[in-house]
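Engineer: turn this into a model:
(one chain, ligands or ions: 1)
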Amino acid sequence: MSRYMSSRFDSLEAYVPGEQPQDMQYVKLNTNESPFPPASAVLDAVREEAGRLNLYPDPEGNALRDKLAFMYGVRPENVFLANGSDELLFFAFMAFCDQSRPVAFPNISYGFYPVYAQLLGVPYTEVPLREGFVLDPADYCGLGKNIVIANPNAPTGRAISAADIEEIVRTNPDHLVLIDEAYIDFGGENCLPLMKTYDNLLVCQTFSKFRSLAGGRLGFALASEALIQDLDKIKYSVNSYNISRLTAAAALATLDSNSYYLENSQKIQANRAYTIAELDKLGFETLPSVTNFLFTRCPAVDGGTLYRKLKARGVLVRHWDKAEISDWCRVTIGTREQMDVFLEKVRDIIKGAG
Ligand code: PMP
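Structural biologist: Below you'll find the predicted structure:
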C-alpha cells in the first residue's frame with residue numbers, strides 16, 4: 001500500500017477472484033462459466049457493432065432494457081443494466097445500505113457481499129446456514145434489516161422456493177430484499193412474479209452463466225420503478241456509460257438465441273446428474289444442486305489437498321480455506337468430456353490416497 005491511500009481502507013480485505021489462467025492449459029471448472037461459446041449470432045453482432053466503437057454507447061441501454069422487459073413481462077422502467085452483477089450488487093449496497101440500514105446475508109455465500117459491506121462501512125450480519133448448508137427462511141422472516149440472498153446459493157448450490165422468498169419479502173416490508181439469481185437458469189425457481197406485489201424486492205440476474213457471456217460483463221436487475229430510479233442515481237454518479245457497445249450488441253443477440261442457451265442448460269443439467277452419480281460411486285458427499293456447479297467432499301482427502309492435486313493434474317476447481325467449508329470443493333459443470341477428465345483425475349487421486 002502506498003502512503004497516499006486513504007486509511008479508511010486499512011482493514012479492507014479485497015475479494016479474491018477465481019484463478020483465470022490466460023494460457024487455457026487447464027480443464028477450467030473453477031469460476032462457473034459456461035463451457036459453451038456464445039451463439040454464432042452473438043459473434044456476428046459484436047463484429048458489426050465494432051465499427052461504431054468511436055461513439056459512446058446509449059447510457060440508458062434502451063434497446064436492451066426494452067427487450068428484457070418484454071421477455072420478463074415488465075416495463076423498461078423496471079429494468080436496470082450493470083457491468084456484471086458484481087457492479088449491480090455494489091450499486092445496490094451503495095444505494096440501500098448505510099450505518100443505519102445494516103444488511104444480513106448467509107455466513108456461507110457469495111464472497112463479495114461482506115467485501116461490499118466493508119468497503120462502504122455498512123454493518124453486516126452473517127446468518128449461519130443450518131445443518132447441511134440449508135438456508136432456513138425463518139432466520140430471515142421479520143429480521144428488520146436489509147437482506148441479500150443468493151438463490152440458488154453459491155458455493156453450496158442449494159435453493160429455496162419462491163414461496164419461501166415471498167415470506168421473507170412479505171415480513172420485511174420496510175427493508176430491501178435482494179435476491180441474487182445468478183444461477184437461476186439451471187433448474188431453480190425464480191421469484192420474478194413477486195415483483196408485481198412487493199416494492200421491496202430487487203432481483204439480480206446475469207448473462208455470465210446460462211447465457212455464456214462472462215467475458216462481456218452484463219448483469220441486470222428487475223424491480224419496482226422507484227428502486228430502479230435509486231440505482232440509476234448511483235450509476236449516473238459513478239459511470240453513466242457502464243455497458244459497452246460490444247456488450248449491449250452481444251446481449252441483444254443472445255436474447256434472440258434463447259433455444260441455443262436452453263439446450264446448453266439441458267446438457268449442463270445432464271452432465272451434473274452424471275457427475276454426481278459418478279462421485280457417489282467414489283464415496284463423495286455432494287450437495288443437491290440446481291446450479292451449474294457442485295459442492296462436494298472427498299472421502300479420502302481434504303478439500304485443499306483435492307484442489308491442489310487436481311490442479312497438478314491440469315484440472316482447476318475452487319476451494320476456500322474458510323473453516324466451515326475447507327473440506328469441500330466447488331466444481332463447475334462443464335462438457336461431458338471435461339467432466340470425464342475431472343472424474344478420471346479424481347479416481348487417480350483417490351487411488352493414490354488409499
Ligand atoms: N452472484 C453470485 C452468487 C455469483 O457467484 C457471481 C459470479 N461469481 C456473481 C453474482 C457475479 O457475476 P457477474 O458479475 O459475472 O454477473
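Engineer: tell me the residues on the stretch 101-250 of the chain that lie near the ligand, please.
Structural biologist: Tyr110, Ala150, Ala154, Asp180, Ala182, Thr206, Ser208, Ala214, Gly219 (CB under 6 Å from any ligand atom). Using the backbone N, CA and C atoms, a C-beta is placed for each residue, glycine as well.
Engineer: please flag which of those sit within strands.
Structural biologist: Residues of these located in strands (DSSP state E): Ala150, Asp180, Thr206, Gly219.
Engineer: one step back: any chance of the residues of the stretch 101-250 of the chain next to the ligand in CSV, with distance to Arg245 too?
Structural biologist: Listed next are these as CSV, based on distance: CB to CB, whole Å:
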residue, distance to Arg245
Tyr110, 29
Ala150, 30
Ala154, 30
Asp180, 27
Ala182, 24
Thr206, 19
Ser208, 19
Ala214, 18
Gly219, 17
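Engineer: quick check: the two most widely separated of those residues?
Structural biologist: Ala150 and Ala214 (16.5 Å; CB to CB).
Engineer: pick out whichever of the two has more residues nearby.
Structural biologist: Higher neighbour count among Ala150 and Ala214: Ala150, with 26 against 17, using other CB atoms under 10 Å.
Engineer: got a list of what the closest residue to that one other than its chain neighbours touches?
Structural biologist: Spatial nearest neighbour of Ala150, excluding adjacent residues (CB to CB, 6 or more residues apart in numbering): Asp180 at 4.2 Å. Asp180 sits next to Ser85, Leu89, Tyr110, Val148, Ile149, Ala150, Asn151, Cys204 when contact means CB atoms under 8 Å, 6 or more residues apart in numbering.
Engineer: that older thread, let's have the ones in strands among the residues of the stretch 101-250 of the chain next to the ligand in TSV, adding pLDDT.
Structural biologist: Converted to TSV, those look like this (pLDDT from 0 to 100):
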residue	pLDDT
Ala150	98
Asp180	98
Thr206	98
Gly219	98
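Engineer: helices along the stretch 101-250 of the chain, start to end?
Structural biologist: 112-119, 162-170, 225-238, 245-255 (DSSP state H, counting those that start in this stretch).
Engineer: of these, which stretch is the most buried?
Structural biologist: Mean neighbours per residue, mean count of other CB atoms under 10 Å, is largest over the helices of the stretch 101-250 of the chain for helix 245-255, with a mean of 21.
Engineer: can you give me the mean pLDDT across that helix?
Structural biologist: In this model, helix 245-255 has a mean pLDDT of 98.
Engineer: quick check: what element follows it along the chain?
Structural biologist: Next helix or strand after helix 245-255 toward the C-terminus (DSSP states H and E): helix 258-281.
Engineer: the helix or strand just after that next one pairs with which strands?
Structural biologist: Following helix 258-281 in sequence order, the next helix or strand is strand 285-286 (DSSP H and E). Strand 285-286 pairs in its sheet with strand 293-297 (antiparallel), by DSSP bridges.
Engineer: pLDDT averaged over the strand it pairs with - what is it?
Structural biologist: The model assigns strand 293-297 a mean pLDDT of 98.
Engineer: list of residues touching it?
Structural biologist: Outside strand 293-297, the residues that reach it (CB under 8 Å, 6+ apart) are 32, 133, 154-157, 183, 272, 275-276, 279, 284-287, 289, 303, 325, 327-333.
Engineer: and if you look at stretch 251-267?
Structural biologist: Here stretch 251-267 has contacts from 34, 36, 38-39, 41-42, 44-46, 63-64, 67-68, 71, 185-186, 207, 210-213, 216, 218, 292, 335-336, using CB under 8 Å, 6+ apart.
Engineer: ok, back up a step: which of the contacts of strand 293-297 are buried?
Structural biologist: 32, 133, 154-157, 183, 272, 275-276, 279, 284, 286-287, 289, 303, 325, 327-333 (16 or more other CB atoms under 10 Å).
Engineer: which residue comes closest to the residue in the stretch 51-200 of the chain that the ligand sits nearest to once chain neighbours are left out?
Structural biologist: The minimum distance from the stretch 51-200 of the chain to the ligand, using CB to the nearest ligand atom, falls at Gly84 (2.9 Å). Distance criterion CB to CB, 6+ apart; nearest residue to Gly84, sequence neighbours excluded, is Arg217 at 4.2 Å.
Engineer: per-residue confidence for the one you found?
Structural biologist: 98.
Engineer: for it, what are its contacts?
Structural biologist: Applying CB under 8 Å, 6+ apart, the residues contacting Arg217 are Asn83, Gly84, Glu87, Ser208, Thr247.
Engineer: count the neighbours of the first one for me.
Structural biologist: Just to be clear, that refers to Asn83. Asn83: 20 neighbours (other CB under 10 Å).
Engineer: now the phi/psi pair for it, please.
Structural biologist: phi -80, psi 80 (degrees, to the nearest 10).
Engineer: verify the stated contact: it with Ser240.
Structural biologist: No - in this structure Asn83 lies outside contact range of Ser240 using CB atoms under 8 Å: 11.7 Å.
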